[in-house]
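S.K.: Sequence and predicted structure, then a few things I'm wondering about:
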Amino acid sequence: MTFAILITINILNYMDRTILPAVLPHLGKDFGLNNTEEGLLGSSFLLVYGLATLPLGMWADKGIRKNIVGICVGVWSVATTLAGFTQNFMQLLLTRSVLGIGEAGYAPASLSMIGDFFPKEQRGRILSYWSVSNVIGTALGLVIGGIVADTLGWRWAFYIVGLPGLIAAFLIWRAHEPRRGAFDTADGDEHALQAGHGSLGGDIWGTARKLIRIRTYWVLVAAFIFSFFIVGAAQFWIPKFIVGHFHLTAAQAGIISGGVLAGGSIVGTIFGGWLADYLQQRMPQGRMLVSTISFLLGAPLTLLALSLSNLTAFIAVFVLAIICLSMCLGPLNAIIQDIIVPEMRATGIGLVLLLAHLLGDAASPLIIGMIADASHSLGFALLITAPTCLLLAGIICLFGLRTVALDMRAMQAQLHQAQD
């Protein structure tokens, strides 16, 4: 039941994120914004989100995680609702920044909870299902936002997606809090995990020093940065790109972009999670191998999709690109669980998200907006950035194939040492 509530909250999370790009064609005209200003709205949310993720992740390593999730959901739901009342660019910028604070605490706490609800052998699949909820929320935000903006006005889109989060906040506050590390020792010995917490989960600098020694962790950080750059760019700019490039309405663009992202991501995420767990049972590099291949295949497909001028051909190729990109979502999150001891995971996830957001999706809307204004072409800005970042992510993951097995064994050795 608690997992179902977390899934629902994650759907609302991504609806709140993507409602802005869905209504951007209308909102931008009302406020008279250029591409750079529109990109700043996306970057401001993700910048605050990234900065707040690490301290809130540390809080999740020590506090009651379900309560942290509830507080964060309440904050971001209020911020989204207030965005509908804004009258100028600065007011909207402020509400989107507050949205980042609310959403920042959710991922580390919720992922840490999920890691304690399920055995480690199932985490690739479970986290892939979790990633599917990201996609469902993204698609619903784009589709609902575009339709509501065309029919009722863009302000109503913020009202409709903001208010349900308050109900979800109450439900998770009443939910069950799992025991930390329940599935990470052979016998689930709570005493061993508590002892490990004293020696491994200390202050942030002590935790950071331990994370630095995990080579695969930094491979994952780099891969997340490049992949988040593309995810942030796609979620924010693709609806407007479709409106301008194929001369469609906001509702039509929302349906197409939401459908493509949802369909391709659900297929890719579920298949990627299943394939990663299947290969992981046969080789310790199984999950990293799936992630590497997905990035290397996604780069040329993205390049081809953005080069097409026919809508049907664009949709077909873009679906394939999204399938490839989303295949890595579950496996990458599962690898973090595989190489970091339980009492450090929320902090480790928080640090990954801090760097990935600051250098990845927090930067991409503004950077692409500036390139689009300079070149007078949003399509050109996407074309020179997206395929390049996917290729770099794939090359970086090749290094992880050499280190992941050693780091997995080192994590298990630390658990056994704490148990002894």
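M.R.: Great, that's in hand. Numbering: from 1, shown residues only.
S.K.: Please report how far Arg155 lies from Gln280.
M.R.: 47 Å (C-beta to C-beta, to the nearest Å). C-beta coordinates here come from the backbone N, C-alpha and C atoms, glycine included.
S.K.: Could I get the full set of helices for the stretch 1-150 of the chain?
M.R.: 2-31, 35-62, 65-83, 89-104, 106-115, 123-151 (DSSP state H, counting those that start in this stretch).
S.K.: quick one: the third one to chain centroid distance?
M.R.: Offset of helix 65-83 from its chain centre (C-alpha atoms, centre = their mean, to the nearest Å): 17 Å.
S.K.: do the same with the fourth one
M.R.: Average the C-alpha atoms of helix 89-104, do the same for its chain, and the two points are 17 Å apart (C-alpha atoms, centre = their mean).
S.K.: ranking the helices of the stretch 1-150 of the chain by burial, who's on top?
M.R.: helix 106-115 (a mean of 26; mean count of other C-beta atoms under 10 Å).
S.K.: what's in contact with it?
M.R.: If you take C-beta atoms under 8 Å, 6 or more residues apart in numbering as the criterion, helix 106-115 is touched by 2-3, 6, 9-10, 13, 53, 56-57, 59-61, 65-66, 68-69, 72-73, 76, 123, 126-127, 130, 177-178, 180, 183, 333, 337, 342, 345-347, 349-350, 353.
S.K.: Would you enumerate the residues in contact with the nearest residue in space to Leu12 that is not next to it in sequence?
M.R.: Computed as C-beta to C-beta, 6 or more residues apart in numbering, the closest residue to Leu12 that is not its neighbour in sequence is Gly165, at 5.0 Å. Contact analysis of Gly165 by C-beta under 8 Å, 6+ apart lists Ile9, Leu12, Asp16, Val73, Gly74, Trp76, Ser77, Thr80.
S.K.: swap the cut-off to 7 Å and go again
M.R.: Leu12, Val73, Trp76, Ser77 (C-beta atoms under 7 Å, 6 or more residues apart in numbering).
S.K.: same deal with Gly360?
M.R.: Per C-beta under 7 Å, 6+ apart, neighbours of Gly360: Phe224, Ile225, Phe226, Phe228, Phe229, Gly232.
S.K.: Scan the chain for its longest helix.
M.R.: Counting residues, the longest helix found in the chain (DSSP state H) is helix 378-419.
S.K.: pLDDT (mean, whole number) over that helix?
M.R.: For helix 378-419, mean pLDDT rounds to 91.
S.K.: quick check, distance from it to the centre of its chain.
M.R.: Taking C-alpha atoms, centre = their mean, one finds helix 378-419 lying 15 Å from the centre of the chain it belongs to.
S.K.: who does it touch, helix- and strand-wise?
M.R.: Judged by 3 or more C-beta pairs under 7 Å, 6 or more residues apart in numbering; DSSP states H and E, helix 378-419 is in contact with helix 190-200, helix 215-246, helix 286-307, helix 329-339, helix 364-375.
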